[in-house]
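> Requesting a structural model of the entry that follows:
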Amino acid sequence: MEKLLLYLVFLPIITGTLFLFFRSRMARYSALFISLIELVLSVVIFIVYLRDSGQNFYVNIPWIKEWGIHLQLNLDGINVLFMLLAGIAVPLIMLAGWEKTYHNFGLMDGMVLILQGSLMGVFLSFNAFVYYIFWEMSLIPAYIILLIWGGEHRMRITLKFFIYTLAGSLIMLVALISLYLSTPGEHSFSQDAFRNLILDSPRQSWLFMAFMLAFLIKTPVFPFHSWQPDTYTQAPSAGTLLLSGLMSKMGIFSILRWLIPVVPWAVKHYAPYVTGLAVFSILYAAIIALRQKNIKTLFAYSSIAHLSLVVAAIFTLTSLGIQGALIMTFSHGIVIIALFFVADIFKIRTDSQELADMGGFRTKAPVFAGLYLVVLLASIGIPLTSGFPGELLMITSLVKVNLGFAILAGLGIVVGVVYMLVSYRATMLGKPVEIPFWDLNFREKLVFAVMIGLIFLVGVFPTVFLKTTETSVNILVSLFI
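Prediction:
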């Protein structure tokens, strides 16, 4: 079974590289087939992991032994939902943009698959060097997709995205090398070796700062967020869905995998400050979202608010907070893809994403109006949707740790309800605008059906997902008892 982890990582990378040499639409069918294989593998691994109460999937293949570099892949309760999300999201993203025409189908879909494999590598790596290679590798297809198929300001936006991510990556690399050189004997990049290090408080502090800069840029959280709204707005549909649904989760995952277990003293010491910053980020993003006139930019700021809440919950350093953060991260990946799919439908039908150009579409597209409403309700965390269990656990953890932060975070959630309802009223209700607008076709209904099915699956049966994370989260939290 362990070989399945290798397939998850390298199947999309190898096939995606091959597809770069094919320009025809046949590359699209082939890429979708590979993504469906990844989906099946992800679901099978998740079911086996759940059935066997956390059976270990572990791969350890020597690569550069004298440098302590091994291809180490591991599955546990911290990364299992990230792995599942990456497997589910990519075929949905491909189907969402199925009717779009590109001058080179192989390049676009090859980049999507390489990005998927790289993200699988990030989520599954247990060796810091391999983790960093996949981290950097994931940026290359993102840059190419933005640069070739982005909006009219793509050059400027891609450069800004590049500078932010490169700065964070280089500082993180310095921290990883410092940890590597601190391991005893024959140095190792293994996470086990990093966990066993005994580091004094000044050393932990600067390592904490270095890691957090990289991870908060990637998530993103205020004040490291300014690359995100423009990038999401200017990116092509596939780019926006990949960035928001998957790549934004790299920072969340890395905090749990590479920060908390390695520098626990610094994490505990600085946790109140990070929580405060994240709570401010929730309010800031929610208020800015309320003022947006472009629906894609509005959803971008809503993503910042939701992921900032996830960061705040993680730094409560409680089982409730971290489990809530994990299930919320999975939910956010599905819901934000659905929201940006909604924005793309508006763009296709109206050639605009400005709220002022829309209105009254409920009468012209009742099926779309109903499905959009379900996604919106999941975004604001209505009970029985995927947004509710994670939000409930996260707010509960904040109440236990700091009531003031919990109240401010709750206020941000209330503002979130307002701006999401305002966006729905502006697009679907009111007097119909005099432009053609048609209801969903079969492909669009299928994409929505899968996403809404997942929304209710997580919302109605959250214990299935919480069970997969419980043991690993308790081990993590035990560092602070």
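> Next, please give the residue ranges for the strands of the protein.
With DSSP state E as the criterion, the chain has strands at 57-64, 69-75.
> pLDDT on the last one, on average?
I take that to be strand 69-75. Across strand 69-75, pLDDT averages out at 90.
> what about dumping the CA coordinates of that strand to PDB?
The C-alpha coordinates for strand 69-75 follow below in PDB (Å, rounded to 0.1, in the frame of the first residue of the first chain):
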ATOM      1  CA  ILE A  69      18.400  13.200   2.000                       C
ATOM      2  CA  HIS A  70      15.900  10.400   1.600                       C
ATOM      3  CA  LEU A  71      12.600  10.300  -0.300                       C
ATOM      4  CA  GLN A  72      10.500  10.000   2.800                       C
ATOM      5  CA  LEU A  73       6.700  10.100   2.400                       C
ATOM      6  CA  ASN A  74       4.400   9.600   5.300                       C
ATOM      7  CA  LEU A  75       0.600   9.700   5.800                       C
END
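> For that strand, name the packing helices and strands.
Under the contact criterion of 3 or more CB pairs under 8 Å, 6 or more residues apart in numbering; DSSP states H and E, strand 69-75 touches helix 3-19, strand 57-64, helix 105-124, helix 128-149. (Each C-beta comes from the backbone N, C-alpha and C, glycine too.)
> gap between that strand and the chain center?
Relative to its parent chain, strand 69-75 has a centroid offset of 22 Å by CA atoms, centre = their mean, to the nearest Å.
> and Phe19, how far is that from Ile47?
29 Å (CB to CB, to the nearest Å).
> correction: Val267
Val267 is 33 Å from Ile47, by CB to CB.
> re earlier: out of the strands of the chain, deepest packed?
strand 69-75 (a mean of 22; mean count of other CB atoms under 10 Å).
> now the angle from that one to helix 3-19?
110 degrees (axes from the mean of the first three to the mean of the last three CA atoms, to 10 degrees).
> Tell me which residues are up against strand 69-75.
Strand 69-75 is contacted by residues 2, 5-6, 9, 45, 49, 56-63, 83, 124-127, 129-130, 189-191 when judged by CB atoms under 8 Å, 6 or more residues apart in numbering.
> Ile260 contacts Val267, correct?
Yes: between Ile260 and Val267 there is a contact under CB atoms under 8 Å: 5.2 Å.
> Which residues are in contact with each of these two?
Leu317.
> In the stretch 201-350 of the chain, mark out all the helices, start to finish.
201-218, 227-234, 237-242, 249-254, 264-290, 295-314, 319-350 (DSSP state H, counting those that start in this stretch).
> Just put those in TSV and tack on mean neighbour count.
Formatted as TSV, the helices of the stretch 201-350 of the chain follow (neighbours: other CB atoms under 10 Å):
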stretch	mean neighbour count
helix 201-218	20
helix 227-234	22
helix 237-242	26
helix 249-254	23
helix 264-290	20
helix 295-314	27
helix 319-350	24
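> returning to that earlier point: closest one to Gly390 among the helices and strands packed on strand 69-75?
The closest of these to Gly390 is helix 105-124. By CB to CB, the value is 18.3 Å.
> Packing partners of that closest one?
Contacts defined by 3+ CB pairs under 8 Å, 6+ apart place helix 105-124 against helix 3-19, helix 26-51, strand 69-75, helix 80-96, helix 128-149, helix 237-242, helix 249-254.
> Could you pull up the residues touching the closest residue to Ile114 other than its chain neighbours?
Among residues not flanking Ile114 along the chain, Gly16 sits closest, at 4.0 Å (CB to CB, 6 or more residues apart in numbering). By CB under 8 Å, 6+ apart, the residues touching Gly16 are 31, 34, 109-114, 116-117.
> which among those residues gets closest to Lys347?
Using CB to CB, the contacts of Gly16 come closest to Lys347 at Val112, 19.2 Å.
> Quick check, pLDDT for that closest one.
For Val112, pLDDT reads 92.
> cool, and Arg23?
In this model, Arg23 carries a pLDDT of 73.
> circling back: between the contacts of Gly16, which has the most around it?
In terms of neighbours by other CB atoms under 10 Å, the contacts of Gly16 top out with Gln116 at 31 neighbours.
> just checking, that one touches Leu11?
No: when contacts are counted by CB under 8 Å, Gln116 is not listed as touching Leu11 (9.4 Å).
> Common neighbours of the two, please.
Contacts common to Gln116 and Leu11, judged by CB under 8 Å, 6+ apart, are Glu38.
> which helices and strands does the lowest-mean-pLDDT helix or strand in the chain pack with?
The weakest-scoring helix or strand in the chain, judged by mean pLDDT, DSSP states H and E, is helix 227-234 (a mean of 81). When contacts are defined as 3+ CB pairs under 8 Å, 6+ apart, helix 227-234 packs onto helix 154-182, helix 295-314.
> mean pLDDT lowest for which of those?
helix 154-182 (a mean of 87).
> Okay, buried residues for that one please.
By neighbour count on 16 or more other CB atoms under 10 Å, the buried set for helix 154-182 is 154, 157-158, 160-162, 164-165, 168-169, 171-173, 175-176, 179-180.
> circling back: Phe19 and Ile47: who's more crowded?
Comparing Phe19 with Ile47 by neighbour count (other CB under 10 Å), the higher total belongs to Phe19, at 26 against 11.
> For the residue nearest to the more buried one when sequence neighbours are not counted, give its distance to Pro141.
Among residues not flanking Phe19 along the chain, Gly110 sits closest, at 3.8 Å (CB to CB, 6+ apart). According to CB to CB, Gly110 stands 8 Å off from Pro141.
> Isn't Thr363 up against Gly430?
No: if you go by CB under 8 Å, Thr363 and Gly430 don't touch, sitting 10.2 Å apart.
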